[in-house]
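> give me a model of this one.
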Amino acid sequence: MSGREETHSLAVGYVLWIFGFTGAHRFYFGKPISGTIYLFTAGLFLIGWIVDLFLMPRLERSAELRFKQGPLDYTIAWVLLTFLGVFGIHRFYLGKWVTGVLYLLTGGLFVVGVVYDFWTLNDQISEANAESY
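Predicted coordinates:
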């Protein structure tokens, strides 16, 4: 395994790359600033999106070196956030029951909480995984 933990899936990264002009793959690999830039510039006018096709293995390695492996799976949490974030399902998965219920009742705290989680989900999972050991 070459000394790095398997936290993020390269295959999932490539699937998200298909929607890369939205920054999805960059958020998944823990690059929220460039993810936001891609979101507002259509993947840096599609040029950055195409370049990322070749940078994907490096993005995965960087994420695996940065984030902690543990009982919570990054891919599951990201799928839950992406498709059910306004219902707080990813928060329930992380064991954050109070904010999960709050998200459920308020549409992800009026979507602002969901945006916050797009920026911080990898760190939240990494912290929870580190606490579990």
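
> domain assignment for the protein?
In terms of domains, the chain is parsed into 10-66, 74-131 (source: automatic domain parsing).

> end-to-end on the last one?
Right, the one you point to is domain 74-131. This stretch, domain 74-131, spans 15 Å end to end (C-alpha to C-alpha, to the nearest Å).

> model confidence over it, on average?
Averaging pLDDT along domain 74-131 yields 96.

> you'd agree Tyr28 is up against Gly13?
Yes - contact status for Tyr28 versus Gly13: in contact at 6.2 Å, counting by C-beta atoms under 8 Å. Every C-beta, even on glycine, is put in place using the N, C-alpha and C of the backbone.

> the more surrounded of these two?
Neighbours per residue (other C-beta atoms under 10 Å) separate Tyr28 from Gly13, with Tyr28 holding more: 28 against 22.

> can you give me the pLDDT of that one?
Taken from the predicted model, the pLDDT recorded for Tyr28 is 97.

> would you map the helices across the protein?
Assigned helices in the chain, in chain order: 10-18, 24-28, 32-45, 47-66, 74-84, 89-93, 97-110, 112-131 (criterion: DSSP state H).

> any idea how far Val12 lies from Ile89?
Distance of Val12 to Ile89, given as C-beta to C-beta, to the nearest Å: 18 Å.

> what is the burial count for Thr36?
Neighbour tally, Thr36, other C-beta under 10 Å: 16.

> tell me the contacts of it?
Thr36 makes contacts with 23, 119, as judged by C-beta atoms under 8 Å, 6 or more residues apart in numbering.

> what pLDDT does it get?
On the pLDDT scale, Thr36 gets 95.

> separation between it and Ala128?
Distance, Thr36 to Ala128, using C-beta to C-beta: 24 Å.

> kindly report the same for Arg26.
22 Å.

> do Val101 as well
Note on Val101: its distance to Ala128, by C-beta to C-beta, is 18 Å.

> of the two, which one has the most company?
Ala128 (18 against 13).

> list the contacts of the nearest residue to Ile89 once chain neighbours are set aside.
Using C-beta to C-beta, 6 or more residues apart in numbering and skipping residues adjacent in sequence, the residue nearest Ile89 is Leu80, 4.8 Å away. By C-beta under 8 Å, 6+ apart, the residues touching Leu80 are 89-90, 93.
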